[in-house]
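Participant: Turn this into a model:
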Amino acid sequence: MHGNDAKQAAALLSVALSLALGGCGGDGGQTEMVSPTAAATTRSITEATTSATTRWAPALTDTWQIQLTGRLNTSYAVTAYDFDLFDTPQATIDALKAQGRRVICYFSAGSSEDWRPDFNQFTEADQGAPLSGWAGERWLDTRSANVRRIMQARMDLAVSKGCDAVDPDNVDGYTNSPGLPLTAETQLDYNRFLAAEAHARGLAVGLKNDVAQVAELAASFDFAINEQCFQYRECGAYTAFTGQGKPVFQIEYATKYRDAATRAGLCAKAQAANLRTLVLPRTLNGSFRYACDA
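Facilitator: Residues are numbered from 1 along each chain as shown. Take a look at the predicted model:
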């Protein structure tokens, strides 16, 4: 897309976003919902503008590391690092980019976290039940125009920090007990919204878990990130990504995989399935790392 075509698409995108997100925010009372028609229009326009930008296209064999807490270790010779969007120092991102590494920026797209700097932008009506086992987090109403505006702002932050891609977490709230009327259909709509908004900004985007919808969403995402598909016998679903030449960055947490012999069996299966598997601590604090790829 060149010249006036790109300008017209950008203008249409601005109008569509205004229609879909107008009047967002509030005083914690009613939550404005995104019209499915407006959301579909926004998606089609943002996807049309994607060709005007150049974004990272991860390869099936790209290697990676993810660390979300603790002192960041950037010594691994991997293609991409997945670090927290808010907490990672700009200098760390700049140094990795200078080395030719790719940077994936993590944020939760499906839950509020009461320690984040933009937490006070969520209204009470935007938030549902607490996430079991995760203090300070509540499920988000992903139909909310305000929630979507906040996620757009987070992606803008990712662009400003030089991230190559985003890792939006907790995008399977409908399969949990969110205390909100979320469905498979609302989840598909939200996840496609996230992918389109990332692409409109020149960012690659990964689908985090949401295994039940992998087949329907693989075309919209550039890579997948999975936790524990071997443990739960769900790895077969990811042929929807690998069959398109898109990588699956995969993590196992079970203690048994720290044993070298047991891990050898895991890695043989991972390599046969073309999955980029790591064995990591559940806290993702960098205290140990075993990689199935050399």
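Participant: pLDDT weak spots in this structure?
Facilitator: Scanning the chain with the threshold set as pLDDT under 70 gives 1-32, 34-53, 294.
Participant: Please spell out which residues along the longest strand seen in it are buried.
Facilitator: As assigned by DSSP state E, the longest strand anywhere in the chain is strand 102-108. Neighbour counts over strand 102-108 (16 or more other CB atoms under 10 Å) mark 102-108 as buried. Using the backbone N, CA and C atoms, a C-beta is placed for each residue, glycine as well.
Participant: Quick one: name whatever helix or strand follows it.
Facilitator: The element immediately downstream of strand 102-108 (helix or strand, assigned by DSSP states H and E) is strand 111-113.
Participant: just checking, what packs against that following strand?
Facilitator: strand 137-140 (3 or more CB pairs under 8 Å, 6 or more residues apart in numbering; DSSP states H and E).
Participant: Adjacent strands (with direction) for the strand it packs on?
Facilitator: In the sheet, strand 137-140 lines up against strand 111-113 (antiparallel), strand 127-130 (antiparallel) (DSSP bridges).
Participant: Adjacent strands (with direction) for the longest strand of the chain?
Facilitator: According to DSSP bridges, strand 102-108 has these partners: strand 80-84 (parallel), strand 165-169 (parallel).
Participant: any idea which of those strands is most buried?
Facilitator: The highest average neighbour count among those, using mean count of other CB atoms under 10 Å, belongs to strand 165-169 at a mean of 25.
Participant: what's next to stretch 273-287, contact-wise?
Facilitator: Here stretch 273-287 makes contact (CB atoms under 8 Å, 6 or more residues apart in numbering) with 60-73, 226, 229-230, 235, 238-239, 242, 247-253, 257-258, 263, 266-267, 270, 288-293.
Participant: same thing but at 6 Å, please
Facilitator: 60, 64, 66-70, 73, 235, 242, 247-253, 257, 270, 289-292 (CB atoms under 6 Å, 6 or more residues apart in numbering).
Participant: Can you go through those residues and name the buried ones?
Facilitator: 60, 64, 66-68, 235, 242, 247-252, 257, 270, 291-292.
Participant: Among the residues you listed, which lie within helices?
Facilitator: Secondary structure from DSSP state H places 242, 270 of those in helices.
Participant: Can you tell me which of the buried ones among the contacts of stretch 273-287 end up in strands?
Facilitator: Among the buried ones among the contacts of stretch 273-287, the ones falling in strands (DSSP E) are 64, 66, 248-252, 291.
Participant: ok, so of the residues you listed, who is nearest residue 178?
Facilitator: Within those, proximity to residue 178 (CB to CB) peaks at residue 251, which comes in at 23.2 Å.
Participant: The closest one touches residue 226, doesn't it?
Facilitator: No: if you go by CB atoms under 6 Å, residue 251 and residue 226 don't touch, sitting 7.1 Å apart.
Participant: Which residue, other than its chain neighbours, is closest to residue 134?
Facilitator: Nearest in space to residue 134, with sequence neighbours left out and distances taken as CB to CB, 6 or more residues apart in numbering, is residue 111 at 7.5 Å.
Participant: Residue 188 belongs to a helix?
Facilitator: Yes: Residue 188: assigned to a helix according to DSSP: H, G, I helix; E, B strand; the rest coil.
Participant: Would you list the phi and psi of the closest residue to residue 77 other than its chain neighbours?
Facilitator: Excluding the flanking residues, the one nearest residue 77 by CB to CB, 6+ apart is residue 63, at 7.8 Å. Reported as degrees, to the nearest 10, the phi and psi values for residue 63 are phi -100, psi 160.
Participant: Just give me the neighbour total for residue 63.
Facilitator: The tally of other residues near residue 63 (other CB atoms under 10 Å) stands at 18.
Participant: ok, now which ones touch it?
Facilitator: Counting by CB under 6 Å, 6+ apart, residue 63 touches 78-79, 293.
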